[in-house]
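Participant: structure of the sequence below:
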Amino acid sequence: MKHLLACFVLVATCSLAFAQERALEKNHQEGIDKAKQGDYIGAIASFTKAIEVLPLDAYAWYNRGMAKNMIGEYEDALNDFGTCIGINPAYGRVWYNRGLTKMYIGQYDRAILDLTQAIQIEREYAGAYYYRAYLYELKGLFDFACTDYRNAQGKGYPVPAEKLSACRDTSYQGLIKRPLLLLTKESSTRCYGRKKRKPIHVGSTDNLEIYLRLLRSPDGKYVYHNVIEKGELYIVEINYTTQGKKKTDLIYFDLKVLDDPKIIKGFKTFK
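Facilitator: Numbers count the residues shown, from 1 in each chain. Model (predicted):
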């Protein structure tokens, strides 16, 4: 999600009274500075102050949604993006990032609609073409996916060579054939995913990324993760909260086999 960081925006609102305008700009700038430093909690607080100064400032809502996105508060981010759209529906970037956020929580059809809206507003929006292609690929709509991958490349997006190569092959070798879309079942044993002999069979790096995005802690919060070893098994360190206490675990993934990945016992996913 690092590509999202550059999407924070700072916009001055000239119609405000001088003191109000200065307060708005100050809070905007503080929020952006904190976001650049990785202090997203502090950034949220600053953007909240900007909203209190001027509740109809679309960019304050957008920026706060971006900061919430960066710490995995996807549902709250969607609310802020929705408010931004209500104030300024012609802002393509908020449609794009709301689409990505919906993708993160498994709302794939709704994500496609938002990315399509971003493209309608900004016809050269290369990133929107790329992620719409990725969503089409997940849904098995390979012709649509390949059209969008080519469009994204033509507009300057660095589309992976294997995607373009797969699109030139009529058998579509290389595209995701068995994508992980949602997590629906919980494991019945505590060793599932926590022991090398009981890895989670995700089948691909794409599915690994999707699994980690969909996983929620026992408290229903975002699970921070870091891949610490790549090999026959991928070993991922996860950091999460349970009953307000911070915990760390190692989770093992098998990327060669896909076998109905389940939720780690005691954890959650999106409803």
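Participant: all contacts plus neighbour counts: C-alpha atoms, from now on.
Facilitator: Fine.
Participant: tell me if His225 really is in a strand.
Facilitator: Yes: the assignment for His225 is a strand, going by DSSP: H, G, I helix; E, B strand; the rest coil.
Participant: and the pLDDT at it?
Facilitator: The model reports His225 with a pLDDT of 94.
Participant: chain neighbours aside, what residue packs nearest to it?
Facilitator: Distances taken as C-alpha to C-alpha, 6 or more residues apart in numbering place Ile238 nearest to His225, at 4.3 Å, with adjacent residues excluded.
Participant: secondary structure class for that neighbour?
Facilitator: Secondary structure state of Ile238, per three-state DSSP, is strand.
Participant: next: Lys163.
Facilitator: At Lys163 the chain is in helix, as set by three-state DSSP.
Participant: correct me, but it touches Gly174?
Facilitator: Yes: contact status for Lys163 versus Gly174: in contact at 6.8 Å, counting by C-alpha atoms under 8 Å.
Participant: I'd guessed Tyr62 sits against Asn88; true?
Facilitator: No: judged on C-alpha under 8 Å, Tyr62 makes no contact with Asn88 at a distance of 10.1 Å.
Participant: these two - which one has more neighbours?
Facilitator: Between Tyr62 and Asn88, counted using other C-alpha atoms under 10 Å, Tyr62 has the larger neighbour count: 29 against 15.
Participant: so which helix or strand takes in that one?
Facilitator: Assigned by DSSP states H and E, Tyr62 belongs to helix 58-70.
Participant: and Gly106, helix, strand or coil?
Facilitator: Assigned by three-state DSSP, the conformation of Gly106 is coil.
Participant: for the protein, what's the longest helix?
Facilitator: Longest helix in the chain by number of residues (criterion: DSSP state H): helix 18-36.
Participant: please identify the buried residues of that one?
Facilitator: Going by neighbour count (16 or more other C-alpha atoms under 10 Å), the buried part of helix 18-36 is 21, 24-35.
Participant: would TSV of those with pLDDT be doable?
Facilitator: Converted to TSV, those look like this (pLDDT from 0 to 100):
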residue	pLDDT
Glu21	71
Leu24	73
Glu25	82
Lys26	86
Asn27	86
His28	87
Gln29	90
Glu30	92
Gly31	90
Ile32	92
Asp33	93
Lys34	95
Ala35	92
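Participant: beta partners of Tyr222?
Facilitator: Counting by DSSP bridges, Tyr222 forms beta bridges with Arg216.
Participant: contacts only, for it.
Facilitator: Taking C-alpha atoms under 8 Å, 6 or more residues apart in numbering, we find Tyr222 in contact with 71-73, 215-216, 240.
Participant: quick one: contacts for Gly156?
Facilitator: Residues near Gly156 by C-alpha under 8 Å, 6+ apart: Ala126.
Participant: what about it, which helix or strand?
Facilitator: Using DSSP H and E, Gly156 is not contained in any helix or strand.
Participant: make residue 1 into 108 and carry on from there
Facilitator: Sounds good: first residue 108 from here, last item Gly263.
Participant: who's more crowded, Lys270 and Gly281?
Facilitator: Lys270 (19 against 13).
Participant: so who does that one touch?
Facilitator: 253, 256, 281-282.
Participant: cool, Lys133 as well?
Facilitator: With contact taken as C-alpha under 8 Å, 6+ apart, Lys133 is in contact with no other residue.
Participant: list the buried residues for the strand or helix carrying Glu159?
Facilitator: In this assignment (DSSP H and E), Glu159 forms part of helix 147-160. The neighbour-count check on helix 147-160 (16+ other C-alpha under 10 Å) flags 147-158, 160 as buried.
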